[in-house]
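Q: turn this into a model:
(chains A and B)
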Amino acid sequence: MEVPMEIDKGSHGPASTNALLQWSQWQLLDSLLPTGGFAHSCGLEAAFQAHMISGPEDLQTYVLHVLENTGSLLLPFVYSANMSPNLETWHKLDRMLDATLTNEVGRKASIAQGSALMRVAATVFSEVPSLKMMRSNSLGSGTVAFHHAPIFGLVCGLLGLDVGISQRAYMFITMRDVISAATRLNLIGPLGAAKLQHDIAIAAEEMSKKWMNRTFEEACQTAPLLDTVQGCHAYLFSRLFCS
Amino acid sequence: MRKEMETGFVAVEKIGGRSTVTRCFSKYPLKFIIPRKVGSSITDAVWIYSLTYGGGIVSVYKSVGSKCSEQVLEARIGSNALLAVIPDPVTCFSTARYSQKQVFRVFSDSCLVIVDWITSGRHATGEKWDFELYKSSNHIFLDDQPLFLDTVLLEQGSVSSIAERMKDYQVIAMLVLLGPTLKHIQNQVQEDVKRMMSEQLRFPSTATGRHRSSDHRLLKPTFIASCSPFGPKGIGIVVRIAAMTTESVYSFLRHQLAGMEPLLGVPPYG
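A: Okay, here's the model as predicted:
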């Protein structure tokens, strides 16, 4: 007896596309993704060696300042790239950010992480062939620095991630990387780090809401002391991190 | 900037081999003072002092409602020309709101020196980072392409106050040196900052976190500076400073810019 094959109509519907997207989203936020974020402390190592982090309160304050500055300076680039995920916009944002990241330590860190993310995304998210194309096109031109924030926004935009989620995600991975650096600098234990991360989520959400959805012309830095100290990273006698 | 919004305009051109003010216009509350002679007569430089009646550029008074004191400077620096913007620091009084924007358009052989700095307030009355808002933008365009886009925003926030962000530092400053003619000064500054900070950071905290507060080596540095090149072939450098005293920054600027005397006629901050 023939049993009619039933085609599962749900497998290509919008609900399952959204579900699949979540897996990509989680992968993008997972520290397992080989983008080299673990090599950067967002100036924490320099701040620590300059005796500015003497306890857990100082660490918490430091993370909050990094997040605020990430919001004010970098979220506009994530936002703009996400809204117009095309080659021309990406290149323009990359140029603008290169002129905006006047701190050499921060600038190099952004380039290292952006390059790595673009390479990983082009390989991993093969359902978006334009990523691979944009990457090879830009490598050839020699005028693209591959800064992190615009690429993050671009990848999120091409994957179809909501613009609000993309900006929060950028804040999240920044928080993840600083706190991870703190554990490796022995400033806090792994359990304490997890607690800290959860405790500051409310503030991180507030800051995300405050700084999201702005154009890159509005980008500004709000923690000049942090910027000055991060710039000293190259003067450290011994270092664990690149920045 | 639209012509009708301009409060002032100055043009300096080389006439008969000497830098000469060819146009100078200002309307209240802005005023320019251009001394006839500054420094030795061998030096070819024009000094321009600008004053603003009422609030003053340097001292920013309490804001009324949410009005913001705003200054805009636009400068075009020609080929082989030099502009040095070397003000005293801005001091914002309690509850003040201040915003400044400086836009510079240069050629590849133009020279530009910018000092932009702010102190935490009137220390005598205990004001330390007590103002509402301070915003300072410095944009440099080279052949119409963005070369240096920096905006610092200090605003009292819900998550952290400005004082908290500044810790014990009372002054933040930025020094920009751009242009091929300033290469020797740039190199010297980079070396000096590197040497000074490497010394300061030679005794890092240990993971045990125990500090004897009497041991000076384990305290926060009273003067922190970092220096970064920017632009194609590192055509410019920017120095960022955080210091606990205004005097230490004057001293640093005086020392680092001493080499500008032949170009300006007198050493800046001398």
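Q: nearest residue to the middle of chain A?
A: With distances taken as CA atoms, centre = their mean, the residue of chain A nearest its centroid is A:Y170 (4.1 Å).
Q: tell me which element that one falls in.
A: In the assignment (DSSP states H and E), A:Y170 maps to helix A:163-184.
Q: tell me, what residue is most central in chain B?
A: Central residue of chain B (CA atoms, centre = their mean): B:D116, at 1.6 Å.
Q: and the residue of the stretch 1-150 of chain B closest to chain A?
A: Using CB to the nearest CB, the closest approach of the stretch 1-150 of chain B to chain A is made by B:P146 at 4.0 Å. The C-beta positions use only the backbone N, C-alpha and C, and glycine is treated the same way.
Q: can you report how many residues neighbour that residue?
A: Residue neighbour count, defined by other CB atoms under 10 Å in any protein chain shown, stands at 16 for B:P146.
Q: buried ones in the helix or strand of chain A with the lowest mean pLDDT?
A: Across the helices and strands of chain A, the lowest-confidence element by mean pLDDT, DSSP states H and E is helix A:14-29, at a mean of 86. Residues of helix A:14-29 classed as buried: A:S24, A:Q25, A:L28, A:L29 (neighbour count, 16 or more other CB atoms under 10 Å in any protein chain shown).
Q: and those as CSV, adding distance to chain B?
A: Putting these into CSV (distance: CB to the nearest CB, whole Å) gives the following:
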residue, distance to chain B
A:S24, 31
A:Q25, 26
A:L28, 26
A:L29, 22
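Q: can you give me the helices in chain A?
A: A:14-29, A:44-49, A:56-73, A:75-83, A:87-100, A:104-124, A:129-141, A:148-159, A:163-184, A:190-199, A:201-211, A:224-231 (DSSP state H).
Q: nearest to B:E261, out of those?
A: helix A:224-231 (27.2 Å; CB to CB).
Q: for the record, mean pLDDT for the closest one?
A: The average pLDDT within helix A:224-231 is 96.
Q: can you list the buried residues in stretch A:199-218?
A: Neighbour counts over stretch A:199-218 (16+ other CB under 10 Å) mark A:I200, A:A203, A:A204, A:E206, A:M207, A:S208, A:W211, A:M212, A:R214, A:F216 as buried.
Q: pull the helix or strand with minimum mean pLDDT from chain B.
A: Per mean pLDDT, DSSP H and E, strand B:59-60 ranks last in chain B, at a mean of 48.
Q: for the helix or strand just after that strand, packing partners?
A: With elements assigned by DSSP H and E, the helix or strand that comes after strand B:59-60 is strand B:69-76. The contact analysis (3 or more CB pairs under 8 Å, 6 or more residues apart in numbering or on different chains; DSSP states H and E) places strand B:69-76 against strand B:82-85, strand B:97-106.
Q: surely A:R168 touches A:S208?
A: Yes - taking CB atoms under 8 Å as the definition, A:R168 is a contact partner of A:S208 at 4.9 Å.
Q: list the buried ones in stretch B:29-47?
A: Buried residues in stretch B:29-47, counted by 16+ other CB under 10 Å: B:L30, B:G39, B:A45, B:V46, B:W47.
Q: which ones are touching the first one?
A: The contact partners of B:L30, by CB atoms under 8 Å, 6 or more residues apart in numbering or on different chains, come to B:T7, B:G8, B:S50, B:L51, B:T52, B:Y53.
Q: residue in chain A nearest to chain B?
A: A:G231 (2.7 Å).
Q: what's the neighbour count on that residue?
A: 27.
Q: apart from its neighbours in sequence, what residue is nearest it?
A: Counting by CB to CB, 6 or more residues apart in numbering or on different chains, A:G231 lies nearest to B:S226, which is 2.7 Å off, once chain neighbours are set aside.
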